[in-house]
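S.K.: Okay, predicted coordinates and the sequence, questions at the end:
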Amino acid sequence: MRSFDLAPLYRSTVGFDRLFSMLDQASGLEAPSPTYPPYNIERTGENAYRITVAVAGFTDKDLSIEVKEQALTIRGEKTAGEAEAKPDYLHQGIAARAFERRFQLADHVSVKGAALDHGLLHVDLVREIPEAMKPRQIPINGGAAPRVIESSANRQAA
């Protein structure tokens, strides 16, 4: 296994600490991520994304979605009602265990909405870049000499 030491980069950069922590996560220095429940991430527009999580057997009351510090957390916990009798399964292939799935969101990405449809939880995301950060064109003045405006003080001195 290869190991990269990013310590020299930490000392010479300012404001990129989140980038380096994400590199540490990607390099496998932290615990491996769980594989349940399966999910898809798709791009639905230029600045729009959708996360689809397979949550068969869960209702909207069993699921919670939270955004905190640029991290989207989806939790699912099956609540067994007291009136419900627990079925006697001969084979149980559909997992209904509790789960927690985290997604790291990039800067300026916010959750637009969520919907539960046929056992799939769809979370829509949108990237909203502030006007100050969008690229803008700067016009170039072509070859004209700068104009000098004389003030009244300069005229009186002459």
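M.R.: Alright, I've got the coordinates. Since the structure is predicted, the reported quantities are computational estimates derived from the model, not experimental observations. Residues are numbered from 1 along each chain as shown.
S.K.: Tell me where the model's unsure across the protein.
M.R.: For the chain, the stretches with pLDDT under 70 are 1-34, 80-84, 143-148, 151-158.
S.K.: tell me the domain ranges of it?
M.R.: Domain ranges of the chain: 1-32, 34-81+92-132, per automatic domain parsing.
S.K.: Make a markdown table from those domains and add mean neighbour count to it.
M.R.: Glycine gets a C-beta too; all of them are placed from N, C-alpha and C. Converted to a markdown table, these look like this (neighbours: other C-beta atoms under 10 Å):
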| stretch | mean neighbour count |
| --- | --- |
| domain 1-32 | 10 |
| domain 34-81+92-132 | 13 |
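S.K.: out of these, nearest to residue 142?
M.R.: domain 34-81+92-132 (27.5 Å; C-beta to C-beta).
S.K.: circling back: could you export the domains of the chain as TSV, including distance to residue 142?
M.R.: Converted to TSV, the domains of the chain look like this (distance: least, C-beta to C-beta, whole Å):
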stretch	distance to residue 142
domain 1-32	37
domain 34-81+92-132	27
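S.K.: how about residue 49, what does it touch?
M.R.: 41-43, 109, 124-127 (C-beta atoms under 8 Å, 6 or more residues apart in numbering).
S.K.: Among those, which lie within strands?
M.R.: 41-43, 109, 124-127 (DSSP state E).
S.K.: what residues are up against residue 102?
M.R.: With contact set as C-beta under 8 Å, 6+ apart, residue 102 has these partners: 71-74.
S.K.: Distance check, residue 106 against residue 42.
M.R.: Residue 106 is 16 Å from residue 42, where distance means C-beta to C-beta, to the nearest Å.
S.K.: Please read the previous query as pertaining to residue 98.
M.R.: Counting by C-beta to C-beta - residue 98 and residue 42 are separated by 26 Å.
S.K.: Do a quick rundown of the helices in this protein.
M.R.: With DSSP state H, the ranges of helices along the chain come out as 7-12, 17-26, 152-157.
S.K.: Now do the contacts for residue 85.
M.R.: Residues near residue 85 by C-beta under 8 Å, 6+ apart: none.
S.K.: and what of residue 124?
M.R.: Residue 124 makes contacts with 44, 48-50, 111-114, as judged by C-beta under 8 Å, 6+ apart.
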